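In: got a structure for you, letters missing:
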């Protein structure tokens with residue numbers, strides 16, 4: 001059996017049966033099991049799509065190398081003429097079928113990996129649009145990022161939107177808040193969750209007792225982009 005046939009359960013089943021044709025009843029049972037397995041895999045992929053869009057990059061590559069900010073070249077970040085417009089000129093969208101949802105999740109992983117690596121000062125995050133048919137990329141305005149995205153992922157159903165902060169900036173702030181959990185606990189402030197919003201607007205801090213916690217966090221972090229919300233305890237480790 002070659003590699004393609006190993007990766008494809010349908011092809012693999014066909015190869016396994018060469019020279020030994022099973023009776024009709026056995027063939028029907030085999031086909032039924034394969035169909036159920038494929039349907040289960042696609043359903044699982046659909047359920048994971050939203051989480052994958054907001055998760056750390058998978059590191060999966062693709063496309064030619066994009067212009068990078070790592071060289072230190074200045075990117076003045078004027079508002080792009082394409083901001084808030086689809087990345088692909090044709091305005092492609094994908095249907096809501098499980099197979100297309102899996103494709104969107106994989107595309108989101110690749111885009112996230114590329115933009116985090118090459119545009120850390122501008123890239124904020126990527127999410128699945130409410131329609132479930134396209135992806136939304138948030139970034140601080142950058143014509144170079146927009147051009148690289150279109151060049152590397154020309155057929156991807158992606159919409160570009162402005163963000164006030166890059167993911168790297170917000171992740172550093174989130175790490176600081178997490179380091180301070182013990183500090184806050186000793187002062188009677190219960191921090192229950194810390195998360196970076198993929199739209200680049202803020203670090204969301206979950207607490208019990210919003211009014212008191214908001215004032216305390218503002219005194220310590222000043223004008224840092226924090227959004228304080230009421231949230232029950234989660235599994236943040238004690239420090």
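Out: That came in fine, so what should we check first? In this text the structure is predicted, and so the values were computed from the model without any measurement.
In: residue ranges with poor pLDDT in the chain?
Out: Within the chain, the segments meeting pLDDT under 70 span 1-96, 234-239.
In: Does residue 119 touch residue 148 like I think?
Out: Yes. Proximity of residue 119 to residue 148 meets the contact threshold set by CB atoms under 8 Å, at 7.4 Å. Backbone N, C-alpha and C define where each C-beta goes, glycine included.
In: more neighbours, the two?
Out: Ranked by neighbour count (other CB atoms under 10 Å), residue 119 and residue 148 place residue 119 first, with 27 against 21.
In: That one and residue 134: what is the separation?
Out: 20 Å (CB to CB, to the nearest Å).
In: Quickly note the distance from residue 99 to residue 106.
Out: 11 Å.
In: That should have said residue 146, apologies.
Out: For residue 146, the distance to residue 106 - CB to CB - is 22 Å.
In: more crowded one of those two?
Out: It is residue 146, of residue 146 and residue 106, that has more neighbours when counted by other CB under 10 Å, with 21 against 16.
In: surely that one meets residue 160?
Out: Yes. Between residue 146 and residue 160 a contact is recorded at 5.9 Å, counting by CB under 8 Å.
In: domain parsing for this protein?
Out: 53-62+80-163, 168-230 (automatic domain parsing).
In: deepest of the ones you listed, which one?
Out: domain 53-62+80-163 (a mean of 18; mean count of other CB atoms under 10 Å).
In: What backbone torsions are found at residue 193?
Out: The phi/psi pair for residue 193 (degrees, to the nearest 10) reads phi -160, psi 150.
In: That one reaches residue 230, doesn't it?
Out: No. With contacts counted by CB under 8 Å, residue 193 stays clear of residue 230, the gap being 10.6 Å.
In: Find residues that contact each of these two.
Out: residue 206 (CB atoms under 8 Å, 6 or more residues apart in numbering).
In: would residue 112 count as being in a strand?
Out: No. Assignment of residue 112 by DSSP: H, G, I helix; E, B strand; the rest coil gives helix, placing it outside any strand.
In: ok, now how distant is it from residue 102?
Out: Counting by CB to CB - residue 112 and residue 102 are separated by 16 Å.
In: swap in residue 163?
Out: Counting by CB to CB - residue 163 and residue 102 are separated by 26 Å.
In: which stretches of this structure form helices?
Out: Secondary structure of the chain, counting by DSSP state H: helices at 3-7, 9-16, 24-53, 98-118, 143-152, 167-179, 181-186, 210-221.
In: Now do the fifth one and helix 98-118, the angle between them.
Out: Put simply, helix 143-152 runs at 140 degrees to helix 98-118, going by axes from the mean of the first three to the mean of the last three CA atoms, to 10 degrees.
In: so what secondary structure elements neighbour helix 143-152?
Out: Judged by 3 or more CB pairs under 8 Å, 6 or more residues apart in numbering; DSSP states H and E, helix 143-152 is in contact with helix 98-118, strand 135-139, strand 158-162.
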